[in-house]
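> Quick check, what structure comes out for this input:
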Amino acid sequence: MSVSCGLECVLCVGCLRWAWKRLTYIGAYDSETWPPAAADDFEPVPRICQIIMAINEDDLSEPKFAPPGLGYADIDADGIVKRTTYADVGVDCPPYIVYVDRRHNEVVLAVRGLNLVRNADYQVLMDNKLGKQMFDGGYVHYGLLRAAQFILEKETDALRDLLRRQGPGCRLVFAGHSLGSGIAALMTILVVNNRRAFDDIPRSRVRCYALAPARCMSLNLAVKYADVIYSVVLQDDFLPRTPTPLEYIFGSIFCLPCLIFLVCLRDTFKQDKKKFKDPRRLYAPGRMYHIVERKFCRCGRYPPEVRTAIPVEGRFEHFVLSCSTTSDHALAWIERESIKALELMKENGNATTPPAQQKMEKLHSFQEEHKSALERAKTLEVPHAIDISEEENHVGVCPAPSSDTHSETTSEAKSAGRTSWDELVDKLFTRDEDGKLIVNRDMVAKEVVVE
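This is a model prediction of the structure:
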């Protein structure tokens, strides 16, 4: 009897400890060791938010969904080259906009987020199976990749012409929110691997801003492309932290709170080493910018602080049980808080107050931090993590592609040298004896065993 009572006490204490740790965990803990972001690097984020929000507007002179305050003050209506509707894109992807920002010398292609009342968006989201699509030595979300190919097939010629008109130095920017962030990130990877379709645009002039990013690529790809993909997360946003595949979340027979509880319970007993060993596990892409505005056991919102890093482990792996997990996913809140954060960063300059826990030493450049993240991924034995020498070939000074993954794939049957993005994807793969897709330059993928 005494033994059973003792076991019950141990079990109760263990459950209480787990519940306390989960209920008291806040989003700010994910980035507490990250250095603060620089104002110059974060400056485009509010503007990108407004461009994405403009997709829903029929006329910017009479906006219906303008953000409060300045509205679309940073958006020039004459710069909108193309705005698609649901009738234009059908069931292949969400609507998007092509915008020329002459003030900042950028050509922007932005994709809107998930429409909760549109079945076609759910079809794109659920068109995936864990480990279904390999790409460039890793795994990506199949449905989002097909949507990215669809947009590039339609807009490559127009984007190339706009870049030529703007002249040398013009940047090509992809952006998206929620579902659109995954599509934008995968479009960026496709373009970086086929830059000749855009007149050999340097890798340094291709950029992606993924707002409230979806988990769309494996860890090795998320780190590899951190120099061109910037993800922005507001405090407790649920989507970047949800390790459960998106198609399981929206196709689950469980209610969302029950599913969240099961996810938290599962992650409690799953070791980080096993997570790293699974090459099919998807992550939020690129360099992370975390907007922190709430603190533990304090009410209200505080002046937002922006932290940035290229994390390998601790990449938003803990789901936050908070009343704001869904509201922090809203684009309007991201736009509002990013403006406040940018104003504070400009006022304070580089002066920051060190926290109680010592922060990571900020590296001299993004390039050094990127190399450090690649080395860290190799040290942790992340599946298919590339060597630093290979990455230097990818981001070298030579603008021309230097490997088979950076080669031009054009079809002579197509007029005006139009690029087939399906051919680019096919070029990166070969099929094994079982008919499965295997990356040409990484044949060991089929030998990976997930514990």
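> any idea which helix or strand carries Gly180?
Assigned by DSSP states H and E, Gly180 falls within helix 179-192.
> Tell me the first helix or strand C-terminal of that helix.
Moving toward the C-terminus from helix 179-192, the next helix or strand (DSSP H and E) is strand 206-211.
> Quick one: list the elements packing against the helix or strand following that following strand.
Next in sequence after strand 206-211, counting helices and strands by DSSP H and E, comes strand 217-218. With contacts defined as 3 or more CB pairs under 8 Å, 6 or more residues apart in numbering; DSSP states H and E, strand 217-218 has these neighbours: strand 138-140, helix 179-192, strand 282-283. Heads up, the C-betas are built off the backbone N, CA and C, glycines and all.
> what do you get if the cut-off is 6 Å, keeping everything else the same?
Under the contact definition 3 or more CB pairs under 6 Å, 6 or more residues apart in numbering; DSSP states H and E, strand 217-218 sits against strand 138-140.
> Need the residues that contact the strand it packs on.
Residues outside strand 138-140 that contact it (CB atoms under 6 Å, 6 or more residues apart in numbering): 133, 217-218, 220-221, 280, 384.
> most surrounded residue in these?
The residue in the contacts of strand 138-140 with the most neighbours, by other CB atoms under 10 Å, is Met217 (31 neighbours).
> and the closest residue to it other than its chain neighbours, how many neighbours?
Among residues not flanking Met217 along the chain, Val140 sits closest, at 4.9 Å (CB to CB, 6 or more residues apart in numbering). Look at Val140: counted by other CB under 10 Å, it has 25 neighbours.
> ok, now the one 5 residues further on?
For Leu145, the number of neighbouring residues by other CB under 10 Å comes to 25.
> quick one: the longest helix that the chain contains to helix 179-192, angle?
Using DSSP state H to define each element, the chain has its longest helix at helix 142-166. On the basis of axes from the mean of the first three to the mean of the last three CA atoms, to 10 degrees, helix 142-166 is oriented at 60 degrees to helix 179-192.
> Helix 142-166: which residues count as buried?
Within helix 142-166, the residues that count as buried by 16 or more other CB atoms under 10 Å are 142-152, 154-156, 159-160, 162-163, 166.
> do stretch 33-49 as well
For stretch 33-49, the neighbour count (16+ other CB under 10 Å) marks 34-37, 39, 42, 44-49 as buried.
> what comes into contact with it?
For stretch 33-49, contacts defined as CB under 6 Å, 6+ apart pick out 74, 175, 209, 232, 289, 306-309, 334-335, 338-339, 342, 345-346, 352, 359-360, 362.
> Inside strands: which ones of these?
In strands, judged by DSSP state E, the following of the contacts of stretch 33-49 are found: 175, 209, 232, 289, 306-309.
> which one of the residues you listed has the most neighbours?
When neighbours are counted by other CB under 10 Å, Ala175 leads the ones in strands among the contacts of stretch 33-49 with 31 neighbours.
> My guess is it contacts Ala110. True?
Yes - with contact defined as CB atoms under 6 Å, Ala175 counts as touching Ala110 (4.2 Å).
> list residues touching both of those two?
Counting by CB under 6 Å, 6+ apart, nothing touches both Ala175 and Ala110.
> Distance-wise, check Glu381 relative to Leu219.
11 Å (CB to CB, to the nearest Å).
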